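1. for reference, the sequence and a predicted model appear below.
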Amino acid sequence: MVIGIYDSGVGGLSVWRELRRYTNARLLYFGDTCHVPYGEKSPEQLETYFWEIVGFFQTQGCQSVVVACNTSSALVLPRVRDRVGIPVFGIIESAVQAAVAVSGGRVGVLATRGTAESGVYQTMFRTIYPQGQVFVQSAPRLVPLIEAGQITAQVTRDALKEYLAPLVGRGVDTLVLGCTHYPFLQELLVDLLGPDVRIVDPAPSLALHVTEELPLEPAEMGPRGAGTGFWVSGDPTTFQETAERLLQEKLPTVQCHPMSGERA
């Protein structure tokens, strides 16, 4: 089994590092860095990227795709799910289920503009957890800061304080990280929110769901997979340097697969 994972940049690595804990399957990661951030793109643009990336994955032997991006999960998967010939997994439902498992009833969601404006979290929480209340906050400056590796910078801390303030004011007891980039800000989030707000990273829940749903062979069920190939649509050197700084580990050489069409 070869599993493709994609995001606009380094954010989906938070899903990749969880997925490799559950499977020995071969993994292929694609960061569409020439189009980052996805949160500012239209559904039509995102769908175009989706089909091109899935096509690339299939040329590499991928038999399933993990959309490690909340924005694409929210805006693209409802449009394409019935037309994809291989299993495709999004992150929204896993995020909601993980939050419901720990929430006291007041859930905040920190997300990109695209995800926030889609209303997907509000809709899914109403379906799965109608007795709870959900408050969604757009945080458009965070992804560019994380892509630049500024996870401890004062400018990032100030942006987080600004975005968290409305949610704290609503008395949320749980915060869903509604973008796969945001787990890399975990230390700042804990410091700013304190011990009374549970922080939900959906990546572990999504990784477990993927490995439960796919027809993996027994030999593919252990941790630390058969290796990962890393590809990006933009500058591989910048991606590799940022990724290794965020993950605190060395990666194989990142390769470039240019995307067609417009650039960011």
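-> Perfect, thanks for sending it.
2. which positions within stretch 176-186 qualify as buried?
-> Val176, Leu177, Gly178, Cys179, Thr180, His181, Tyr182, Pro183, Phe184, Leu185 (16 or more other Cβ atoms under 10 Å). Where you see a C-beta, it was placed from the backbone N, CA and C, and this is true even at glycine.
3. also stretch 103-112?
-> Per 16+ other Cβ under 10 Å, stretch 103-112 contains these buried residues: Ser103, Arg106, Val107, Gly108, Val109, Leu110, Ala111, Thr112.
4. with those in mind, which one is nearest to Gln240?
-> Nearest to Gln240 among the buried residues of stretch 103-112 is Thr112, at 23.7 Å by Cβ to Cβ.
5. so who does the residue nearest the centre of the chain touch?
-> When the chain is reduced to its mean C-alpha position, the nearest residue by Cα atoms, centre = their mean turns out to be Thr180, at 2.8 Å. Contact analysis of Thr180 by Cβ atoms under 8 Å, 6 or more residues apart in numbering lists Asp7, Gly11, Gly12, Leu13, Ser14, Val15, Ala68, Cys69, Asn70, Ile91, Pro202, Ala203.
6. how about Glu213?
-> Going by Cβ under 8 Å, 6+ apart, Glu213 touches Pro87, Phe89.
7. please report phi then psi for it.
-> Backbone torsions of Glu213, given as degrees, to the nearest 10, read phi -90, psi -30.
8. separation between it and Glu93?
-> 12 Å (Cβ to Cβ, to the nearest Å).
9. related to what we said a few turns ago, quick one: classify the residue nearest to the centre of the chain as helix, strand or coil.
-> coil (DSSP: H, G, I helix; E, B strand; the rest coil).
10. ok, the nearest residue to it once chain neighbours are set aside - contacts?
-> Spatial nearest neighbour of Thr180, excluding adjacent residues (Cβ to Cβ, 6 or more residues apart in numbering): Gly11 at 3.9 Å. By Cβ under 8 Å, 6+ apart, the contact set of Gly11 is Ala68, Cys69, Val143, Ile146, Cys179, Thr180, His181, Tyr182, Phe184.
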